[in-house]
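J.: From the sequence below, what's the structure:
(one chain, ligands or ions: 1)
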Amino acid sequence: MARPRVFVTRRIPAAGLDRIVSACEAEVWQEPLPPPYDVLREKVRDCDGLVSLLTDQIDAALMDAAPKLKVISNFAVGFNNIDVGAATTRGICVGNTPGALTDATADLAFALLLAAARRVVDGVLDAKQGRWKTWEPLGYLGVDLAGKTLGIIGMGRIGFAMAQRGRGGWGMKVLYFDERPNDKAEAELGARRVDLDTLLRESDFVSLHASLTNTSKGMMGAKQFALMKSTAVFINTARGPLVDQAALVEALKTGKIFAAGLDVTDPEPPDPNDPILHLPNCVVAPHIASATHTTRNGMAEICADNLLAGVAGQPLRAWVNPEVAERRRV
Ligand code: GLV
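T.: Okay, the predicted model is just below:
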């Protein structure tokens, strides 16, 4: 029997890629930048499977150009780059990589929190660039963490891991905003579920862990930043478009909030002149939350499992649209 044809939009760790390449007729995009949309649409034309990244836009038109496509295996936990509804309608399975990156993402979110709260990047740049003249009693003053209130927007796996760090490491009080109550967070971390406005008003640190959907897009705007404390720190390791970035810049510039730590922006990367990159009270990382060897290997394994199950007509290990099972393409 012919081996399944698959296209892989970037080199991923060997922990997953080697299995894909040995089981499939695989083409792997070797360039450092993503394939342009038109190229990708051409590449998937005869494919049974696709490994995509969060930088690849997988829409209905692309799926229509790939009549044999059975599975889209996203090398990410987030899948806002894929029109999942369109995939389900066409009988295409969609997989993602949850779990593998939970701790790494929470670690990075906390690193950003500490860096923004304690003005680490600001200070490091001054030290490296010759502006460190003496020890300053009034210089680089930041905010303390111990015993403060941490507000988690989206108490899923990553939100929970972030809350655990704040609670266990710094004795923080945890508030959360989520459509669904999280009994484990309430029982184990004493977390209290509140509405978004209450969370914004009462938290010293606000960390965003929501998924990006049509309804959550722009959920943090001028009105929300205005509710936050002027000493508060805002963290986003989820998706850039959840935030009205112009409103965030304004809030940071005018001191409506103290600082921000971002692993995601809108767009990515920002234009080099974008003010978000030039504010002394905003730490911006280049979307690296899952960037550890162990985590990326774990993601690659799940990604390969999803792809190989998808082309073989098996249930996916991490299945975004299991409701497609009844009518999946064979
Ligand atoms: C990264 O942002 C991911 O969704 O895995």
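
J.: Who are the contact partners of residue 192?
T.: Counting by C-beta atoms under 8 Å, 6 or more residues apart in numbering, residue 192 makes contact with 173, 174, 175, 176, 186. Placement of C-beta: from N, CA and C, glycine included.

J.: Would you enumerate the residues in contact with the last one?
T.: Read that as residue 186. By C-beta under 8 Å, 6+ apart, the residues touching residue 186 are 192, 193.

J.: next SSE after the strand or helix carrying it?
T.: Counting by DSSP states H and E, the element that carries residue 186 is helix 183-189. Following helix 183-189 in sequence order, the next helix or strand is strand 192-193 (DSSP H and E).

J.: chain center to that following strand, what's the gap?
T.: 23 Å (C-alpha atoms, centre = their mean, to the nearest Å).

J.: before we move on, what about stretch 288-308?
T.: Stretch 288-308 has its C-alpha centroid displaced from the chain centroid by 14 Å (C-alpha atoms, centre = their mean).

J.: For that stretch, give me every contacting residue.
T.: In contact with stretch 288-308 (C-beta under 8 Å, 6+ apart) are residues 6, 12-17, 19-20, 23-24, 49, 51, 71, 73-77, 93, 95-101, 103-105, 108-109, 237, 263, 314, 316-319.

J.: So for it, what gets flagged as buried?
T.: Using 16 or more other C-beta atoms under 10 Å as the test for burial, stretch 288-308 gives 289-290, 292, 295-296, 298-308.

J.: got the residues of the stretch 101-250 of the chain near the ligand?
T.: residue 101 (C-beta under 6 Å from any ligand atom).

J.: What are the boundaries of the strands in the stretch 101-250 of the chain?
T.: 149-153, 173-177, 192-193, 205-208, 233-236 (DSSP state E, counting those that start in this stretch).

J.: I'd like these written out as a markdown table, with mean pLDDT added.
T.: Formatted as a markdown table, the strands of the stretch 101-250 of the chain follow (pLDDT from 0 to 100):
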| stretch | mean pLDDT |
| --- | --- |
| strand 149-153 | 99 |
| strand 173-177 | 99 |
| strand 192-193 | 98 |
| strand 205-208 | 99 |
| strand 233-236 | 99 |
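
J.: With distance to residue 118 as new columns, can those be given to me in JSON lines?
T.: Formatted as JSON lines, the strands of the stretch 101-250 of the chain follow (distance: least, C-beta to C-beta, whole Å):
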{"stretch": "strand 149-153", "distance to residue 118": "16"}
{"stretch": "strand 173-177", "distance to residue 118": "20"}
{"stretch": "strand 192-193", "distance to residue 118": "26"}
{"stretch": "strand 205-208", "distance to residue 118": "12"}
{"stretch": "strand 233-236", "distance to residue 118": "10"}
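
J.: Let me know which of those strands is the nearest to residue 126.
T.: For residue 126, the closest of the strands of the stretch 101-250 of the chain is strand 233-236, at 19.7 Å, according to C-beta to C-beta.

J.: Now the closest one - C-alpha only, PDB.
T.: Extracted in PDB, the C-alpha atoms of strand 233-236 (Å, rounded to 0.1, in the frame of the first residue of the first chain):
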ATOM      1  CA  VAL A 233       1.700  44.200  36.000                       C
ATOM      2  CA  PHE A 234       0.000  42.600  33.000                       C
ATOM      3  CA  ILE A 235       1.400  39.300  31.500                       C
ATOM      4  CA  ASN A 236       0.400  37.800  28.200                       C
END
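
J.: just use 3 as the starting number from now, easier for me
T.: All right, first residue 3 from here; so that's strand 235-238.

J.: Just want the residue of the stretch 153-302 of the chain that's nearest the ligand.
T.: Using C-beta to the nearest ligand atom, the closest approach of the stretch 153-302 of the chain to the ligand is made by residue 292 at 5.3 Å.

J.: residues in contact with residue 155?
T.: Per C-beta under 8 Å, 6+ apart, neighbours of residue 155: 161, 178, 179, 180, 198, 201, 208, 209, 210, 211, 212, 221.

J.: actually residue 148, not the one I wrote
T.: 172, 173, 174.

J.: Quick one: neighbours of the closest residue to residue 220 other than its chain neighbours, just the number.
T.: With C-beta to C-beta, 6 or more residues apart in numbering as the criterion, residue 220 has its nearest non-adjacent residue at 5.1 Å, and that residue is residue 246. If you count neighbours by other C-beta atoms under 10 Å, residue 246 ends up with 20.

J.: Give the ChimeraX command for selecting the buried subset of the contacts of stretch 290-310.
T.: Listed next is the ChimeraX selection for buried residues among those, using 16+ other C-beta under 10 Å:
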select :8,14,15,17,18,19,21,22,25,26,51,53,73,75,76,77,78,79,95,97,98,99,100,102,103,105,106,107,110,111,239,265,318,319,320,321
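
J.: Hmm, residue 95 and residue 321 touching each other?
T.: Yes. The pair residue 321 / residue 95 is scored as a contact, 6.7 Å apart, by C-beta atoms under 8 Å.
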